[in-house]
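[1] need a structure here:
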Amino acid sequence: MICREKYLNELIKAKNNGFPKVITGIRRCGKSYLLNYIYREHLLSSGVKSENIIYLDLTKVSNAYYRDPLYLYEHIVGITQKSTEINYVIIDEIQEVYSIVNPALTKGEHVKAKSKDENIISFVDVILDLASLDNIDLYVTGSNSKMLSTDIVTEFRDKATNIRLQPLSYEEYYNYKKIDETKALTEYMIYGGMPLAVLKDGIEKENYLKDLFETTYIKDIIDRNNFRKVEALDEICTMLSTCVGDLINSEKLASLYKQKTNHKIDSDTVNSYINSFINSFILSEAFRYDLKGKKIITSTKKYYYIDTGLRNARLNFVYHDSGKTLENVIYNELIYNNYKVSVGTFDTFENDMNGKTTRKSLEVDFLAVRGNRMYYIQVCDNYSDEKTKKREIKPYISLNDQIQKIIVINSPISEMRDENGFTIIGASDFMLRFIK
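    Numbers count the residues shown, from 1 in each chain. Now for the predicted structure:
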């Protein structure tokens with residue numbers, strides 16, 4: 001069993017707290033496994049009877065009847081109302097529940113709601129109502145943008161415990177595989193931590209990840225957003241994969257698209273594509289933060305894959321930029337460890353060979369903050385190259401503050417200091433120990 005200890009502890013902490021537990025995350029990252037196996041085992045071992053654990057998977061055809069919100073509500077109440085003990089109800093893929101117009105307005109008929117309809121009953125109403133019952137402790141999972149829309153977030157605010165599940169972190173992967181750190185990091189950078197991929201070998205990993213991306217994620221995005229220009233979506237996805245770790249925006253991507261395909265695409269369309277990947281949990285966005293001006297800059301951002309195996313699958317495992325991939329891995333691990341992460345940038349002024357003052361923009365890969373811990377982090381694949389070393393430390397030399405400055409390198413070394421007092425540390429040691 002792959003233990004998801006962090007998430008198990010979050011569920012245990014939230015148990016019987018009076019709120020619904022809403023677990024979101026990309027499809028196939030292990031939400032069902034976490035609840036129906038790992039958490040179920042915990043409940044049984046803590047004395048909960050099996051008949052008081054109710055699991056309902058709404059993706060199954062046999063449960064299609066309960067995608068109607070009122071039928072779902074009646075079903076759960078019907079099987080729990082006679083019990084005087086707490087019933088632990090797990091509803092998997094709650095976004096499969098469609099909204100209906102309030103039957104009081106349709107002569108009792110269940111009419112599927114349209115986007116402009118008012119007075120509707122949705123899965124949010126079902127979740128909040130079921131969770132208010134004294135004999136139910138409710139857990140629901142969701143996988144896509146319907147669980148993240150502005151309206152849903154507003155309705156759940158202060159009314160639910162939200163848990164965001166990611167694919168296996170490097171720490172979880174390493175603890176499960178129990179292999180040499182160098183080998184573990186190399187494998188993880190290439191194939192990532194999608195649970196079923198981790199359990200496969202060699203070419204099976206690649207085939208599984210490529211098929212998962214195309215037949216599950218892309219298809220889901222197209223269907224749910226009614227995108228018609230599938231070729232354009234496909235090309236923008238490839239560009240986002242190659243641009244991991246680069247500061248970009250929709251205008252830049254639209255320009256690159258025109259250069260590559262000789263076809264125009266407007267920035268609003270590109271934005272809608274990017275948002276569809278973010279809302280499906282495939283991508284995360286990191287905002288720029290002006291380290292001198294102390295403010296967020298929204299003109300450009302960095303985008304990272306929730307899993308590097310998916311990113312590499314998208315590129316058919318033939319484009320493996322280990323520097324960008326390592327940066328993606330470090331970003332994900334910081335998020336997993338509850339850091340707030342942004343891209344640090346600032347302007348500096350230098351004199352050129354002719355004595356003319358020029359302004360240059362410098363970048364720190366990450367500003368990571370958690371509580372009273374704050375780090376500048378540069379990620380470097382090959383620190384032995386003198387040119388690379390100068391490039392990585394240049395922003396640190398220009399920053400005159402007391403924030404700890406770290407250079408994470410793709411090498412199995414322990415923490416040390418360089419002549420400037422900057423922290424040099426191997427990636428594995430950084431992720432398994434330093435940021436804990």
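
[2] which one's the longest strand in this protein?
    In the chain, taking DSSP state E as the definition, the longest strand is strand 357-370.

[3] what about it, distance to the chain center?
    24 Å (CA atoms, centre = their mean, to the nearest Å).

[4] Then stretch 273-287?
    8 Å.

[5] Show residues contacting that stretch.
    24-26, 29, 143-145, 148, 217, 220-221, 224-225, 227, 232-233, 236-237, 240, 250, 253, 296-298, 301-306, 310, 331-332, 335, 341-343, 366 (CB atoms under 8 Å, 6 or more residues apart in numbering). Backbone N, C-alpha and C define where each C-beta goes, glycine included.

[6] Please repeat the previous calculation with a cut-off of 7 Å.
    25-26, 144-145, 148, 217, 220-221, 225, 233, 236, 240, 250, 296, 298, 301-306, 310, 331, 335, 341-343 (CB atoms under 7 Å, 6 or more residues apart in numbering).

[7] again, but for stretch 422-435
    Contact with stretch 422-435 is made by 170-171, 174, 181, 185, 326, 330, 333-334, 337, 393, 396, 404-418, as judged by CB under 7 Å, 6+ apart.

[8] May I have the distance across that stretch, first residue to last?
    Start-to-end span of stretch 422-435 (CA to CA, to the nearest Å) is 16 Å.

[9] And that stretch, what's buried?
    Residues 422-432, 434-435 are the ones in stretch 422-435 that count as buried (16 or more other CB atoms under 10 Å).

[10] Output the longest strand of the chain as CSV, nothing but the C-alphas.
    Presented in CSV, the C-alpha positions along strand 357-370 are these (Å, rounded to 0.1, in the frame of the first residue of the first chain):
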residue,chain,number,x,y,z
THR,A,357,23.5,53.1,-17.3
THR,A,358,21.2,50.3,-18.3
ARG,A,359,18.4,48.6,-16.4
LYS,A,360,18.3,44.8,-16.2
SER,A,361,15.7,42.5,-14.7
LEU,A,362,17.0,39.7,-12.5
GLU,A,363,15.1,36.7,-11.4
VAL,A,364,15.1,34.3,-8.4
ASP,A,365,13.4,31.0,-9.3
PHE,A,366,11.3,31.0,-6.1
LEU,A,367,10.5,33.0,-3.0
ALA,A,368,9.1,30.4,-0.6
VAL,A,369,7.3,31.4,2.6
ARG,A,370,5.8,29.3,5.3
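
[11] Pull out the buried positions in it.
    Here strand 357-370 shows 362, 364-369 as buried, counting by 16+ other CB under 10 Å.

[12] again, but for stretch 402-422
    405-411, 422.

[13] Where strands are concerned, which of the contacts of stretch 422-435 count?
    Filtering the contacts of stretch 422-435 for strands - DSSP E - leaves 404-409, 416-417.

[14] and which of the buried residues of stretch 402-422 is nearest G202?
    N410 (22.6 Å; CB to CB).

[15] show me what contacts the closest one?
    322, 326, 381, 427.

[16] Most neighbours out of the residues you listed, which is it?
    For the contacts of N410, counting by other CB atoms under 10 Å, the largest number of neighbours falls to A427: 25 neighbours.
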